[in-house]
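In: below are the sequence and a predicted model; questions follow.
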Amino acid sequence: MNTLTRCGLVVAGMAVLYVVAGQFMGSINDDLDFTAEPPQGGSYAVAMAASLMERELDSGWHPSDVVNPARMRVDVPAFQLGIKRVLERFTMGAVDHLARSGGASSMDQDLLAARSHIQFTPRSFSMFPSNSSVSNYRLAVEDLRKYNDRLAQGQATFDQRIDNLAHVLSGTVSDLGDQTSELDQKAQNGALISFDVRRSYYYTEGMLYGGCMILKALGKDFKSVLAAQSATNMYDQAVATTCGAATGAPLLVINGGRHGLLPSHPYTLAGEVALVRARWQSVLDAELGSQKP
């Protein structure tokens, strides 16, 4: 066996070891008791968005990590991407609705910067901060906290109107509808054990978890508004349904038939997501209905 062959075998062996080791490193953090306290007078939801993103970055942002073997797992990166989608959607809603007093008012510059940074592609590794996913997301965390500090000092707007909350919720409902369709499609076209199905499953779980945390925090921000609309119980039930669906983490995601002997995790999750979406649609209908003359 010549030297070149030996080197090739060593490299191949190291690559296999890297992939195998990655399956035992990293973990999904779906702690429903995770909290984030805003400065007095700030927004709970904005504090949660900043802290949730910071937590994921501190534990390792696997979609763009080229060093940590955990990036080779399917579930952890997909879960983080699902959380990122929720935070991106929330930041968009905050810019367009929560931080504005009417459509003619100017957009908040800190939230605009946060939206821009959090929309950065999630899989970019670079030594140059401007091209790095992690660096951009760190800046988004800083921007969100700058806004919250200004809000606490009375220098920013957080317009707690029921229609603003409805606009933010409508984005979540829309995204969940998309995931129901995707899970159904992946289940129909995937094999019994499929990386593609597993990725879609955990991306959806990440969205549910991120939604659970942000929507709980929004409930605190809009506590008095929801009470005035007699919508507190309905809102809390929708949050409970979302959080209840957010912690399923099977060792294997099995894509069995819809009525087969083996479980069908994607079909089951699609049903749970449909229920979550229906709950939030009921909240939306009640909130929007309350605005009719």
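Out: That came through, no problem.

In: do you know how far the residue most central in space within the chain is from Leu169?
Out: Closest residue to the average C-alpha location of the chain: Ile83 at 1.9 Å, with Cα atoms, centre = their mean. According to Cβ to Cβ, to the nearest Å, Ile83 and Leu169 sit 18 Å apart. Placement of C-beta: from N, CA and C, glycine included.

In: hang on, the earlier thing: in a helix, the residue nearest to the centre of the chain, correct?
Out: Yes: judged by DSSP: H, G, I helix; E, B strand; the rest coil, Ile83 forms part of a helix.

In: that one - nearest residue in space that isn't next to it in sequence?
Out: Gly210 (3.9 Å; Cβ to Cβ, 6 or more residues apart in numbering).

In: tell me the buried residues in the strand or helix carrying that neighbour?
Out: Assessed by DSSP states H and E, Gly210 sits inside helix 195-221. Residues 197-219, 221 are the ones in helix 195-221 that count as buried (16 or more other Cβ atoms under 10 Å).

In: avg pLDDT for stretch 97-106?
Out: For stretch 97-106, mean pLDDT rounds to 78.

In: now do stretch 32-46
Out: For stretch 32-46, mean pLDDT is 97.

In: can you list contacts of that stretch?
Out: The contact list for stretch 32-46, computed with Cβ atoms under 8 Å, 6 or more residues apart in numbering, reads 47-48, 50-52, 55, 90, 94, 98, 144, 147-149, 151-154, 158, 212-214, 217-218, 220-221, 243, 246-247.

In: go on, stretch 173-192?
Out: Contact with stretch 173-192 is made by 85-86, 89, 194, 196-197, 200-201, 203-204, 207, 211, 254-256, 258, 262, 264, 266-267, 269-270, 273-274, 276-277, 280-281, 284, as judged by Cβ under 8 Å, 6+ apart.

In: switch to 6 Å and redo it
Out: For stretch 173-192, contacts defined as Cβ atoms under 6 Å, 6 or more residues apart in numbering pick out 196-197, 200, 204, 255, 266-267, 269-270, 273-274, 277, 280-281.

In: those residues, buried ones only, as a PyMOL selection?
Out: Of the contacts of stretch 173-192, the buried ones can be selected in PyMOL as follows, counting by 16+ other Cβ under 10 Å:
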select buried, resi 197+200+204+255+266+267+269+270+273+274+277+280+281
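
In: in strands, which of the contacts of stretch 173-192 fall?
Out: Taking DSSP state E, every one of the contacts of stretch 173-192 sits outside strands.

In: against Asp178, how distant is the residue nearest to Val197 when sequence neighbours are not counted?
Out: Leaving aside its sequence neighbours, Val197 sits nearest to Gly190 (Cβ to Cβ, 6+ apart; 4.0 Å). Distance of Gly190 to Asp178, given as Cβ to Cβ: 18 Å.

In: confidence score at the nearest residue to Gln281 once chain neighbours are set aside?
Out: Excluding its sequence neighbours, the residue lying closest to Gln281 (Cβ to Cβ, 6+ apart) is Val173, at 5.7 Å. Confidence at Val173, expressed as pLDDT, is 86.

In: what helix or strand does Val173 sit in?
Out: Here Val173 is assigned to helix 162-189, by DSSP H and E.

In: number of residues surrounding Arg258?
Out: 12 (other Cβ atoms under 10 Å).

In: dump the residue contacts of it.
Out: Neighbouring residues of Arg258 by Cβ under 6 Å, 6+ apart: 264, 267.

In: now do the SS call for it.
Out: Secondary structure state of Arg258, per three-state DSSP, is coil.

In: one more: Gly41?
Out: Assigned by three-state DSSP, the conformation of Gly41 is coil.

In: which neighbouring elements make contact with the helix holding Gly210?
Out: Here helix 195-221 touches helix 44-58, helix 75-93, helix 162-189, helix 232-244, helix 265-289, going by 3 or more Cβ pairs under 6 Å, 6 or more residues apart in numbering; DSSP states H and E.

In: distance from the chain centre to it, please.
Out: 5 Å (Cα atoms, centre = their mean, to the nearest Å).

In: can you check stretch 135-151 too?
Out: Taking mean C-alpha positions (Cα atoms, centre = their mean), stretch 135-151 and its chain are 17 Å apart.
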